[in-house]
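A.B. asks: Pasted the sequence and its predicted model underneath.
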There are 2 protein chains.
Amino acid sequence: MSLVAQAEALGRAGKDVIHLGVGEPDFPSPPAVIEAGQRALAAGLTHYTPAAGLPALREAIAAFYQERFAVHVDPERIVLTPGASGALQLVLAALINPGDGVLVTDPGYPCNRHFVELVNGVPQPVRLDPAQGWQLAPGQLAAAWQASTRAALLASPDNPTGNVLSADTVSGLAAEVADRGGALIMDEIYQGLVYDVPGFSALSVAPEAWVINSFSKYFGMTGWRLGWLVAPQDRVADIERMAQNFFLAPPTLAQHAALAAFLPETQTELERRRVVLDGRRRLLLSRLPSLGFRVVGAPQGAFYLYLDASALTNDSFAFCQRLLAEAHVALTPGLDFGSAHGPQQFLRVAYTCDEARLDEAVARMARFLGHL
Amino acid sequence: MSLVAQAEALGRAGKDVIHLGVGEPDFPSPPAVIEAGQRALAAGLTHYTPAAGLPALREAIAAFYQERFAVHVDPERIVLTPGASGALQLVLAALINPGDGVLVTDPGYPCNRHFVELVNGVPQPVRLDPAQGWQLAPGQLAAAWQASTRAALLASPDNPTGNVLSADTVSGLAAEVADRGGALIMDEIYQGLVYDVPGFSALSVAPEAWVINSFSKYFGMTGWRLGWLVAPQDRVADIERMAQNFFLAPPTLAQHAALAAFLPETQTELERRRVVLDGRRRLLLSRLPSLGFRVVGAPQGAFYLYLDASALTNDSFAFCQRLLAEAHVALTPGLDFGSAHGPQQFLRVAYTCDEARLDEAVARMARFLGHL
């Protein structure tokens, strides 16, 4: 039984489990988003939309890029998808033929590999180095590129490490990819969730990149299943045709609701939530080291810490199992995120509960570790 | 420009286009479904659900199979998906390796081919014969089966022909597939939309079939993007893992709303709509032959007529273009549904408008054809 299933089973059995395993914050969708969904329902807007999404939403996203990051994106290049998952599928279906390689980071988001394999591509892991704070250097990408490699799939902010790439780094990575005639795919689904550092989009420095984004994380709309893809202009017609064939259209209500994600009142609420997440992050950064967890690099984005637990265990999976069973705290072991980076010594904490619960989680871990 | 885009452009230009091209009836979602969606929104149910869907909805679908078709399906075998499209992707990803063949009917639903190709399988068209009323005979399937064939993907009721397979035929087809060690995939997304004949599920006669279904058509929930897959028991764990990787979860609101699809009041409303659709079908069946369109076979399901227009044109694509441009009636040419069955002489009418509009469409076609 997986740890998630085990955590759920404990919950059903009446145990007070603190869930820091799954990548979904506790916030409900912003009020204006909910209200927009209700208005759409009341108006009976339940039919298909165009395959690429509502024109008004494509324009709203383009306006968001302009206002937030001062980058011009033609709305025609923005294709709404069923979650960022749909966007990832479209890019890989468009770019990858059987046997083509795709560079993916290790550690990295585990589903990436499955999407590459769905189209019979070959995931080619690039081992991120904790000693480099999980930062991928352009030279390292260049060294990992093989004759069969067709694309590099990178994320910033990153899951599981919370690492954020700088504009300079992304620019350097994009140059290496372009030199090799490849495609850069940037996963920006945690865009907006950055702390201490400015947010930016790869589109500012790599206008030819394929960019994946989502309403799930920053915008608080996980269950609505709505993401988007920014595609190069000359591939948009292909992508729209594929979107039509694979998805027919993204969910209609989610699209109408997402129009409210860009309202000033929603943006204010999302900024408030970002500050709350930062508070949680700081709490954990200040408390976990004293328990023996080592913070690697500078986790300045998303809502994850990827901790080196080697002072406590040489088997983080077994450690997570025991911690869940005995202390009812759910974390995610490093094995879920790859196998090349020595994952047995790492584990991921998702700071998806409020500070009181995080305090309680830290206290339980302290007791579990015999520190109290 | 595609005919759909052309029809939309005419609409934007203020022309009164009668849309009989796209497979989406004019009905809004049933009132109880809308209300259930509104209650879910008010309760803030916007987080992820389990990857396979809400347990209560899986149970409701199992109960529906029991009540409607007297077939027992373990709720564990039912996996909710983002539209039937998601279900189709899961089945093919589970069954097909590169180079594996999948029998698909010609004419048939055009996206089938794209899903087979997504996983680098080979669509193997089986030409349905208008002289046989588009019915696929078991012997014909057996003859089409090749050494590389791994599965047969069939639909009843069928798009574009409106053809319905009998239980005996499905049983015979399933036996041929089983004899060859293959998998039978039955697309039942138009289930419930049958006229003159009893409804049934392939699960009644082929319990080992993979069955795809949807809330879009019979249940009137197109834009919600919710379908389901019934998988063989021993493959459910695989399918759930893939659903987790490819989709994370189906849309949450759609699932809560779909629970209301099985309420007695909704079922009454859906039966009323089925009778309305049957009225439209009868209207077209009685009126179109006098214009020179020939009805092929017995279109007793879905909301399509696939008409032989060879008395009027030997190029149904050009015919549809002119009909749209001059009479503002949007139909779909046969080329969209395959190339092996002489599609230039066929076109599809989707009876997705009320009888007054259909009357008007027939009158416009009559004028266009010089019959008035």
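C.D. replies: That came in fine, so what should we check first?

A.B. asks: Show me where chain A has its helices.
C.D. replies: Ranges of helices in chain A, per DSSP state H, are A:3-12, A:31-42, A:55-69, A:83-95, A:111-118, A:138-144, A:167-179, A:236-247, A:252-258, A:264-287, A:316-322, A:355-368.

A.B. asks: In terms of secondary structure, what does the second one contact?
C.D. replies: With contacts taken as 3 or more CB pairs under 8 Å, 6 or more residues apart in numbering or on different chains; DSSP states H and E, helix A:31-42 sits against helix A:252-258, helix A:264-287, helix B:31-42. From N, CA and C alone the C-beta is placed, and that goes for glycine too.

A.B. asks: and the ones you listed, which is most packed in?
C.D. replies: Ranked by mean neighbour count under mean count of other CB atoms under 10 Å in any protein chain shown, those are led by helix A:252-258, which reaches a mean of 27.

A.B. asks: what's in contact with it?
C.D. replies: Under the criterion CB atoms under 8 Å, 6 or more residues apart in numbering or on different chains, residues A:29, A:33-34, A:36-37, A:39-41, A:45-49, A:53-54, A:57, A:60, A:80, A:215, A:219, A:221, A:224-226, B:37, B:223-225, B:251, B:253-254 lie in contact with helix A:252-258.

A.B. asks: just stretch A:352-369 next, same as before
C.D. replies: So stretch A:352-369 is contacted by A:18-20, A:22-26, A:276, A:279-280, A:283-284, A:287-288, A:291-292, A:303, A:312, A:322-323, A:326-329, A:351, A:372 (CB under 8 Å, 6+ apart).

A.B. asks: again, only using 7 Å
C.D. replies: By CB atoms under 7 Å, 6 or more residues apart in numbering or on different chains, the residues outside stretch A:352-369 that reach it are A:18-20, A:24-26, A:279-280, A:283-284, A:287, A:291-292, A:303, A:312, A:323, A:326-329, A:351, A:372.

A.B. asks: Keep only those of these that are also close to chain B.
C.D. replies: Among the contacts of stretch A:352-369, the ones lying near chain B by CB under 7 Å from any CB of the partner chain are A:E24.

A.B. asks: got the helices of chain A as TSV, with mean pLDDT and distance to B:D336 columns?
C.D. replies: Formatted as TSV, these follow (pLDDT from 0 to 100; distance: least, CB to CB, whole Å):
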stretch	mean pLDDT	distance to B:D336
helix A:3-12	91	43
helix A:31-42	98	30
helix A:55-69	97	24
helix A:83-95	98	21
helix A:111-118	96	26
helix A:138-144	98	43
helix A:167-179	98	38
helix A:236-247	96	12
helix A:252-258	98	23
helix A:264-287	98	41
helix A:316-322	96	51
helix A:355-368	97	54
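
A.B. asks: quick one, which of those is nearest to A:I185?
C.D. replies: helix A:83-95 (5.4 Å; CB to CB).

A.B. asks: all strands for the stretch 101-250 of chain A, in order.
C.D. replies: Taking DSSP state E, counting those that start in this stretch as the criterion, the stretch 101-250 of chain A contains strands spanning A:101-106, A:122-127, A:149-155, A:183-187, A:210-214, A:227-230.

A.B. asks: Could you name the stretch from the ones you listed that's closest to A:A318?
C.D. replies: Closest to A:A318 of these is strand A:101-106 (CB to CB; 21.0 Å).

A.B. asks: The closest one pairs with which strands, parallel or anti?
C.D. replies: Under the criterion DSSP bridges, strand A:101-106 sits next to strand A:122-127 (parallel), strand A:149-155 (parallel) in its sheet.

A.B. asks: Now render the strands of the stretch 101-250 of chain A as a markdown table, adding distance to A:L307 and mean pLDDT.
C.D. replies: Compiled in a markdown table, the strands of the stretch 101-250 of chain A are given as follows (distance: least, CB to CB, whole Å; pLDDT from 0 to 100):
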| stretch | distance to A:L307 | mean pLDDT |
| --- | --- | --- |
| strand A:101-106 | 17 | 98 |
| strand A:122-127 | 18 | 98 |
| strand A:149-155 | 19 | 98 |
| strand A:183-187 | 22 | 98 |
| strand A:210-214 | 25 | 98 |
| strand A:227-230 | 28 | 98 |
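
A.B. asks: Quick check: which of the ones you listed is nearest to B:S166?
C.D. replies: With respect to B:S166, and counting by CB to CB, the nearest of the strands of the stretch 101-250 of chain A is strand A:227-230 at 42.6 Å.

A.B. asks: Selection in PyMOL covering whichever of the contacts of stretch A:352-369 are buried, please.
C.D. replies: Buried subset of those, written as a PyMOL selection, criterion 16 or more other CB atoms under 10 Å in any protein chain shown:
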select buried, chain A and resi 18+19+20+24+25+280+284+287+291+292+303+312+323+327+328+329+351
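
A.B. asks: What is the distance between stretch A:143-160 and the centre of its chain?
C.D. replies: Its chain's C-alpha centre and that of stretch A:143-160 lie 15 Å apart, by CA atoms, centre = their mean, to the nearest Å.

A.B. asks: hang on, I meant stretch A:234-247
C.D. replies: 23 Å.

A.B. asks: Next: stretch A:62-72.
C.D. replies: 20 Å.
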